[in-house]
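**Q** kindly generate the corresponding structure for this input.
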Amino acid sequence: MVEDEEVKLLCTMLNAVFPSVGRPAVERIVTSMAKQVAAGERKLPGVKTVSKEAARRQLKDFGVSQAEQVGLVMSSH
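**A** Down below sits the predicted model:
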C-alpha cells in the first residue's frame, strides 16, 4: 500500500520536475495509480510478492542479525 505521505511527496517531486503538467493533473495521476496499487491492480516496479512463510523467515533472520549486531556493539565497549 502506498502511504498518504508518500503520495504527497511524490506529487511535490513530480510538480517540481514537470511544472507544465500542472498540480491537479499530477495529483490525479498519482492518486489514481496509488489506488490501483492498493487494490492489487498494479504492482510497484521491483517489488516481488513472497509467501507468508518466506516473509516470516526473513523477519526471523533479520531479528537474529540485529541481535548479533547489538551483541557485537555491546561487547566492543
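**Q** which residue ranges make up the domains of the protein?
**A** For the chain, automatic domain parsing gives the domain ranges 1-46, 48-77.
**Q** could I get these as TSV with mean neighbour count and mean pLDDT?
**A** (C-beta placed from N, C-alpha, C; glycine too.) Converted to TSV, the domains of the chain look like this (neighbours: other Cβ atoms under 10 Å; pLDDT from 0 to 100):
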stretch	mean neighbour count	mean pLDDT
domain 1-46	12	88
domain 48-77	9	72
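**Q** which non-adjacent residue is nearest the residue most central in space within the chain?
**A** The central residue of the chain, meaning the one whose C-alpha is nearest the mean C-alpha position (Cα atoms, centre = their mean), is residue 2 at 6.8 Å. Distance criterion Cβ to Cβ, 6 or more residues apart in numbering; nearest residue to residue 2, sequence neighbours excluded, is residue 34 at 4.1 Å.
**Q** need the contact list for that neighbour.
**A** Taking Cβ atoms under 8 Å, 6 or more residues apart in numbering as the definition of contact, the neighbours of residue 34 are 2, 6-7.
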